Structures are given as structure tokens and as C-alpha cells.
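Enquirer: coords please:
(2 chains)
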2 protein chains.
Amino acid sequence: MNTSAREQYIVGVDLGGTNIVAGAMPADGTRHLAMRSIATNPAVGDEGVAERIVGLVEEVILDTMGETGVSRRDFIGIGVGAPGPLDRERGIVIVAPNLGWKDFPLRDRIQSRVNLPTTLDNDANCATFGEWWQGAARGGRNVVGLTIGTGIGGGLILNGALYHGSSDMAGEIGHTTIDLNGRHCKCGNYGCLEAYASAPAIATRAREVLVREEGESVIPTMVNGNFDDITAQIVYDAAQKGDQVAGEIVRDTARYLGAGVANLLNIFNPDIVVIAGGVTAAGDALFVPLRAEVRRRAFSPAVRTVKIVAGELPGIAGVVGAVASFKQQHLGGV
Amino acid sequence: MNTSAREQYIVGVDLGGTNIVAGAMPADGTRHLAMRSIATNPAVGDEGVAERIVGLVEEVILDTMGETGVSRRDFIGIGVGAPGPLDRERGIVIVAPNLGWKDFPLRDRIQSRVNLPTTLDNDANCATFGEWWQGAARGGRNVVGLTIGTGIGGGLILNGALYHGSSDMAGEIGHTTIDLNGRHCKCGNYGCLEAYASAPAIATRAREVLVREEGESVIPTMVNGNFDDITAQIVYDAAQKGDQVAGEIVRDTARYLGAGVANLLNIFNPDIVVIAGGVTAAGDALFVPLRAEVRRRAFSPAVRTVKIVAGELPGIAGVVGAVASFKQQHLGGV
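Expert: All right, here's what the predicted structure looks like:
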């Protein structure tokens, strides 16, 4: 057998507060194999969640072997994306509020149990890196990525490489102030972008308007009068049905995001801004007013240079980027 | 004569709306020679200002020859820092509102008249690059520089290299929104950092308070009742004398700057933030509340990583950085 022709495989893991997603890819990135998702179940604690990850990784390896006929020794490593702040060099998750973790050595736990070299990187960095390697940000030299969900994560590709900052904390775009004396954010600061445009913030703003009974809306009927059940998804669904209150909330969201993206244009002058996460399903209802707000706020040479696009790898950008991060840290490039 | 031992010299030029500063340095950066400043006099037009620069460069070359005994052939080039937006590759200043320029090929004008290779770079980039090479940001891997004057310019050193973005527009930190519905900025946007914390903005805020006759202040006496004569310098002088209104303005300025710097910490996670310009003369009166606001707003791992310092090369950071930019573009490194 010609071993030099054998493909090498890498497992990617995307650890979120709700789900763990994992899958395998050949090092050349040509295929996505055995992609699967399980509940994170943070209640089992840090060691318990690490065990769940190890179990999922073993499952992905076995399934990939079944699908492709490769053997276990063709797997060269595991890339893990996890919520930050984290310490890449020591492989430690420093704090993860949604998981209840503090100073947990996630990388070494997985590495020693699966017995494969493992790398750790920030989940939002991985999502952006994934979109840059294989998705909507392909070919970009300077890319800003925003992942909008429970929070707003950010990732930066500058001069063709993932930018981590001086202590792996860079890219916390969701926690930049767009309104000095504005809404309180769960990070402790006031007026953060995340406090206006994350999925829970969208739901909160809808609730505030509906409680005041300003304007007619189908949303109360959609949630049977339980305002606590309002989600960003429901707001976007109502907006698509032509609901006026919901439409206003969606336009406001675009305006807040537009101010945040305009700041990023004036700071980074990127060629691509890629926005991922559930809210991008709104399509033009989000992107048209968002791009208009960016044009109003940012310098026109920076506006002319940039494409503002939706992510193309929903659900798996983080896994693909975790594989890319392993490649960059262990193989010296992607 | 051993020509290999001869030092090579580079002329640096910092073109501002008010003054042109220039000087020479040996390529190893060990000395600042023949530093001098003349009025820009924008009324003479783009070609006229270019001639003034050429005259100043020739003067610097002659004076350096006189001071050091080197000959004209020991000069290898000219680095020019100019207001942006500009196109480094084509050597063109695209727009410079303070000079009234549009699409002016400044680099080639100087190059052909002095007959030395010439490079062009953004003035705020040069100031930051100068502080990184020889000033307060020495040794930094990721540095954010703010120069506060008539405007607020920004420069970024990321992973040890000047970051320009995809079309030389990066670093417009003064034009990032910190207050979504806030003050109108001369860039057309609302709530820009520059609209709160530049020198004219400081004077404007003081004027607004004094017109309302809230609180006692020595400022009206200092300007003989002519509120139009209030400058940031006068506000800082009054604050140092214990003036309450002025003290409040200075603290507010620190709060606005602190919000802007906190955003930069959460985005870049730099090891050094260097703040230059006239307002830094206020010293602790500015830096103590500024650092406190940053601690309140930014993530603590990013706060722990960073030093926030005043520039150490007042008046010449731009010239030193223009020399460094020439070195990076022509000699491949600094």
C-alpha cells in the first residue's frame, strides 16, 4: 500500500452553550464527513461535558472510518472551538459563563482521552475562519465575521491570518459600545452592540413595544399572550407576514447592526464582512437596511471596498473553522 | 574610503493642515537631525504646498550634510506622512478636506523634484509607527495609537506590522460611533468619538456649558468674554487651576475617550494603547479617569494585558514614523 497517498483526517468540534457539533474532514478540506450534533447539557459540569465531547469525537471517528474505509491512524488531530476568554497556548477555557466553567483545561482532557494532538481556539474565531476557508469569505484578505445568536461573537482575519490579539481576547465585537449611556449589557458595560442586536435583545425590544400596546401586531396571538415566549425567530416570522411592529423591530436591528458594522469598516477597512447566525435567515429584510445604514455611517472608500454577506456554512462554520485552526497551529497553514 | 561603512540617511516629512514638520535620520534610527517646521499655508494650493515640502526637504538635506559631513548621495529616500484617505501604491492623496486637495499625486511630485525614492503613508499611521519604533509603544506586538488634535487619528500595529486594511483606509478610530443618536460629526455620521473628544469638540462642550451659565468658571475671564476664543488648551489650563466647570469637561472627555479605548481593547486586545496630541499634556487629569472608564467598560483580561500611555515623541512622532514607513516599504523592515 502506498502510504504517502493516504489522506489525513482532522476532527472539528464546535462547543456551544446549547449544542456540541462535530465532524471530520480530510486535511485538504474537500469533504465534510460524519457531521453530528448533541446537546451540551452543561448541568453535568466541566468534566462531564468533556466526556460528552470525547464520546462524540470517537463516534465521528468510527463513522468516518465506516464511510471512507480509512483507519484510525489516518486521523492526525482534533481542533476544538470553545467559548472564550481562553488561553490557546495552555489549552484552557478561562471563563465560560454559559457553561459555568472557570479555568478548565479542556484541550488536555480531550487530547489525553482520545490520544490525538488537540488545539483550542475561540468559537467565534473558528466560525469566521470556517467561512474564510470554505464559505462566504473565501478569497478575502481582511475579513470581519459576526455570529449573531444568544450573544454576538466576532472573528478577525487580517492579512490572511486569524488575529488573536495579545492574550487571545481579540474580536469581542458584540461588546463594543454603540450607545454610551444605553442598555445594560450582561458583560457589565452599557450600550454594547450585543444588548441591541443579539437574538434575546431582539425579543426584549419586541416585548417592550408590545407591552406598551403601541401599534397592532400578530405577535401576541403567535405566543398565545405569553410575552415571555417571544423569540427573535417569532419576530422575524411576523415581519415576513407583514406585521408592522415586527417590521419596525427588524429595521431597528438592522440599524444597530449597521452602526456596529460601520465602525468595523472605519477601523479595519475589510474586503469582506460575513454575518452568520439565525437572524440572517431574514435575508433582504435584514441586509438591505443594514447595508443602507453602513453607507450612511462609514467612509465611502471603505464602503466601496467591502462586501457585506451572509454566512454560507450555517451550523458547521465552527466545525470547519476548528479544523482550519488545527491545521494552522499544527501544520503551519490552511 | 570604505563606502560600506557609510551611513544611509532618510528624510521624514509630516504634512499637517497647519504645519509641515521634517527632519532626517540615519537608517538605523539612532539620531534625529535637522528637525524643523514651517507653516503649511494651504492657500497656495496643492502644487504650492508640494513646493514648500520640496524646499523644506532640500533644507533638511543641506543642514544634515552640514551637521554630519555626509554627502548628498548618502540620502536614500523620503518618507512622507499625509492626511488620508490616500492610495499608497499610486502615491496619491485622495481627499484632504483640511488642505482642500483631491486626487493629488504628492509622492511623485516630491520624488521627481528632489530625485529621491519617496513613499507616502497616512499621517496617523506614521505617528503610531514612530511611537512603536522609538517612543512609548516600543516593544509592543499589537499597538493602537490615537492622535488627538483638530481631529482624532488612529494607527494600528498588528503582529508587529503597520496594518493598512484593504484600501489604505484602516484606523479611522475617531470616526467610530460611541453614541448612536449623538452629536453630528463633520464626517456626516452621528456620535463619532471625534465629535466628543477632539480639541474643537472639547472647546464646543465648554462653550455649551458656559452659555447656559451653569456653575462658576474662570474661563469667561480668560477669554475676555469671547466664547469663540475658548480652546481645549484653555479648558485644560482652567482645570489645572481647579476650575469646576473645566474639571467636569476634562472628566467627560476622559469618559468619552475611555469608551472609545474600551472598544479598541475588546476588538484588538492590544498590549499598548498610545495616546498622543496636545490633550495629553493634561497628564493624570486625563489619564486617571480615562483608565478608570476603560476598566469599567472593557473585559478584564484585555484590561490586564494593556498599558495605556502618553506618546513620548511630541511633535516628531509623525516624522520618525514616516522614516520608518519608508524603511518598511523600501528596505523591507524597520
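Enquirer: going forward, measure contacts and count neighbours with C-alpha atoms only.
Expert: OK.
Enquirer: and the helices in the stretch 101-250 of chain A?
Expert: A:106-114, A:123-134, A:194-197, A:199-211, A:219-222, A:232-240, A:244-268 (DSSP state H, counting those that start in this stretch).
Enquirer: now the angle from the longest one to helix B:244-268?
Expert: Direction vectors for helix A:244-268 and helix B:244-268, defined by axes from the mean of the first three to the mean of the last three CA atoms, to 10 degrees, enclose an angle of 90 degrees.
Enquirer: in helix A:244-268, what counts as buried?
Expert: A:244-247, A:249-268 (16 or more other CA atoms under 10 Å in any protein chain shown).
Enquirer: near chain B at all, that helix?
Expert: Yes: residues of helix A:244-268 contacting chain B under CA under 8 Å from any CA of the partner chain: A:259-260, A:262-263, A:265-268.
Enquirer: now do that helix: distance to the chain's middle.
Expert: 18 Å (CA atoms, centre = their mean, to the nearest Å).
Enquirer: one more: the second one?
Expert: For helix A:123-134, the gap between its own C-alpha mean and the chain's C-alpha mean amounts to 8 Å (CA atoms, centre = their mean).
Enquirer: what number of residues lie near A:Cys192?
Expert: 29 (other CA atoms under 10 Å in any protein chain shown).
Enquirer: skip the chain neighbours and tell me the closest residue to it.
Expert: A:Thr177 (4.3 Å; CA to CA, 6 or more residues apart in numbering or on different chains).
Enquirer: does the one you found really touch A:Tyr190, like I thought?
Expert: Yes: counting by CA atoms under 8 Å, A:Thr177 does reach A:Tyr190; the two are 6.9 Å apart.
Enquirer: circling back to that earlier point, how many other residues sit next to the residue nearest to A:Cys192?
Expert: 31.
Enquirer: can you give me the pLDDT of it?
Expert: On the pLDDT scale, A:Thr177 is placed at 96.
Enquirer: from A:Ala96, how far out is it?
Expert: 21 Å (CA to CA, to the nearest Å).
Enquirer: check A:Asn19 too.
Expert: With CA to CA as the criterion, A:Asn19 and A:Ala96 are 14 Å apart.
Enquirer: run through the residues that contact A:His32.
Expert: By CA atoms under 8 Å, 6 or more residues apart in numbering or on different chains, the contact list for A:His32 reads A:23-26.
Enquirer: could you rerun that using 6 Å?
Expert: If you count contacts by CA atoms under 6 Å, 6 or more residues apart in numbering or on different chains, A:His32 has them with A:Met25.
Enquirer: ok so, going back, the residue nearest to A:Cys192 reaches A:Glu194, doesn't it?
Expert: No: A:Thr177 lies out of contact with A:Glu194 (CA atoms under 6 Å); the separation is 9.1 Å.
Enquirer: got the contact list for A:His184?
Expert: Per CA under 6 Å, 6+ apart, neighbours of A:His184: A:Tyr190.
Enquirer: specify the beta-bridge partners of it.
Expert: When bridges are taken as DSSP bridges, the partners of A:His184 come out as A:Tyr190.
Enquirer: hmm, back to that, of the helices of the stretch 101-250 of chain A, which is nearest A:Val49?
Expert: Closest approach to A:Val49 among the helices of the stretch 101-250 of chain A is made by helix A:106-114 (9.5 Å; CA to CA).
Enquirer: what are the contacting residues of that closest one?
Expert: By CA under 6 Å, 6+ apart, helix A:106-114 touches A:91-92, A:117-118.
Enquirer: go on, stretch A:307-319?
Expert: Outside stretch A:307-319, the residues touching it (CA under 6 Å, 6+ apart) are A:12-14, A:126-127, A:130, A:135-136, A:272-276.
Enquirer: just the closest of these to B:Glu47, please.
Expert: Of the contacts of stretch A:307-319, the one sitting nearest to B:Glu47 (CA to CA) turns out to be A:Ile272, at 36.6 Å.
Enquirer: B:Leu146 versus that closest one, what's the distance?
Expert: 25 Å.
Enquirer: just A:Ala127 next, same as before
Expert: For A:Ala127, the distance to B:Leu146 - CA to CA - is 31 Å.
Enquirer: next one: A:Glu213
Expert: 46 Å.
Enquirer: more neighbours: which of the two?
Expert: B:Leu146 (28 against 10).
Enquirer: model confidence for that one, exactly?
Expert: 97.
Enquirer: which ones are touching it?
Expert: B:153-154, B:275.
Enquirer: please repeat the previous calculation with a cut-off of 7 Å.
Expert: B:152-155, B:274-276 (CA atoms under 7 Å, 6 or more residues apart in numbering or on different chains).
Enquirer: for A:Asp229, same thing?
Expert: A:Asp229 sits next to A:Val223 when contact means CA under 7 Å, 6+ apart.
Enquirer: so A:Asn19 and A:Ala96 - more neighbours on which side?
Expert: Neighbours per residue (other CA under 10 Å) separate A:Asn19 from A:Ala96, with A:Ala96 holding more: 18 against 14.
Enquirer: the more buried one reaches A:Asp103, doesn't it?
Expert: No: between A:Ala96 and A:Asp103 there is no contact under CA atoms under 7 Å: 8.9 Å.
Enquirer: what residues are bridge-paired with the residue of chain A at minimum distance from chain B?
Expert: Nearest residue of chain A to chain B (CA to the nearest CA) works out as A:Asp179 at 4.1 Å. Per DSSP bridges, the residues bridged to A:Asp179 are B:Asp179.
Enquirer: neighbours of it, how many?
Expert: 22.
Enquirer: list the contacts for it?
Expert: Contacts of A:Asp179 (CA under 7 Å, 6+ apart): A:191, B:178-180.
Enquirer: same thing but 8 Å
Expert: Contacts of A:Asp179 by CA under 8 Å, 6+ apart are A:190-192, B:177-181.
Enquirer: please apply the same query to A:Leu86.
Expert: So A:Leu86 contacts A:92-95, A:121-122, A:168-169 (CA under 8 Å, 6+ apart).
Enquirer: skipping adjacent residues, who's closest to A:Asn266 in space?
Expert: Nearest-residue entry for A:Asn266: B:Glu172, 5.1 Å, with adjacent residues in sequence omitted and distances by CA to CA, 6+ apart.
Enquirer: kindly apply the preceding question to A:Met222 instead.
Expert: Nearest to A:Met222 is A:Ile234, by CA to CA, 6+ apart, at 7.8 Å.
Enquirer: so that neighbour sits against A:Ile219, correct?
Expert: Yes: counting by CA under 8 Å, A:Ile219 is a contact partner of A:Ile234 at 7.3 Å.
Enquirer: what about the two, which has more around it?
Expert: Shown here are A:Ile234 and A:Ile219; by other CA under 10 Å, A:Ile219 has more neighbours (25 against 17).
Enquirer: if I look at the residue nearest to that one when sequence neighbours are not counted, how far off is A:Thr253?
Expert: With sequence-adjacent residues excluded and distances taken as CA to CA, 6+ apart, A:Ile219 is closest to A:Ala238, at 6.5 Å. Distance of A:Ala238 to A:Thr253, computed by CA to CA: 15 Å.
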